[in-house]
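**Student:** Model the following, please.
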Amino acid sequence: MSENRIRVVVAKPGLDGHDRGAKVVARALRDAGFEVIYTGLHQTPEQIVETAIQEDADAIGLSVLSGAHLTLFARVLDLLRARGADDIVVFGGGIIPADDITELEGLGVAMVFTPGTTMVSIVDWVRANVGTRAG
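**Tutor:** As a prediction, this is how the structure comes out:
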């Protein structure tokens, strides 16, 4: 395993039980050469942040379809700041209204992908916007 491979935690926070999209994104990132840790369904923001820190992740990709995106993204960002890990890039996707995307970006979410975004676009964005952390 290369020392400078980008490590991405892909997570499904909250009670949303639909993870097909998250798995497709995780596979696309893995196939593109990133190291991917998929946390599975029903993760709390605390579990996601703990995993990202323990795995020395460069980024966290959140998939939220439940409508709780503002609360869940904000909590993950708050926990990262509290743990001194706010250099971990947070991005995500799901069913998120355009007005909420603007709010999420204001909170510090680096990018929000909406339904129909190609896997190539996501891979290219991660490659261009997530650097490996020295650790």
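**Student:** Contact partners for the residue nearest to Thr39 when sequence neighbours are not counted?
**Tutor:** Leaving aside its chain neighbours, Thr39 sits nearest to Ala11 (4.4 Å; criterion: CB to CB, 6 or more residues apart in numbering). Backbone N, C-alpha and C define where each C-beta goes, glycine included. Applying CB atoms under 8 Å, 6 or more residues apart in numbering to Ala11 gives the contacts Ala22, Tyr38, Thr39, Gln43, Ile48, Thr51, Ile60, Gly61, Leu62, Ser63.
**Student:** did I read that right, Leu62 in a strand?
**Tutor:** Yes: assessed with DSSP: H, G, I helix; E, B strand; the rest coil, Leu62 lies in a strand.
**Student:** Quick one: residues contacting it.
**Tutor:** 11-13, 48, 69, 72-73, 76, 90-94 are the contacts of Leu62 under CB under 8 Å, 6+ apart.
**Student:** ok, what's across the strand from it?
**Tutor:** For Leu62, the beta-bridge partners are Ala11, Gly92 (DSSP bridges).
**Student:** Roughly how far does it sit from Ile122?
**Tutor:** 13 Å (CB to CB, to the nearest Å).
**Student:** Can you tell me the centre-most residue of the chain?
**Tutor:** Centroid-nearest residue in the chain: Gly61, 1.1 Å away (criterion: CA atoms, centre = their mean).
**Student:** Now do the same for the closest residue in space to it that isn't next to it in sequence: its pLDDT.
**Tutor:** Nearest non-adjacent residue to Gly61, counting by CB to CB, 6+ apart: Val10, 4.7 Å away. Val10 carries a pLDDT score of 98 in this model.
**Student:** Show me where the protein dips below the pLDDT cut-off.
**Tutor:** Scanning the chain with the threshold set as pLDDT under 70 gives 1-3, 134-135.
**Student:** Mind jotting down where the strands sit in it?
**Tutor:** With DSSP state E, the ranges of strands along the chain come out as 7-11, 35-38, 59-64, 89-94, 111-113.
**Student:** any chance of those strands in CSV, with distance to Arg83 too?
**Tutor:** Output for those, formatted as CSV (distance: least, CB to CB, whole Å):
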stretch, distance to Arg83
strand 7-11, 14
strand 35-38, 17
strand 59-64, 12
strand 89-94, 13
strand 111-113, 22
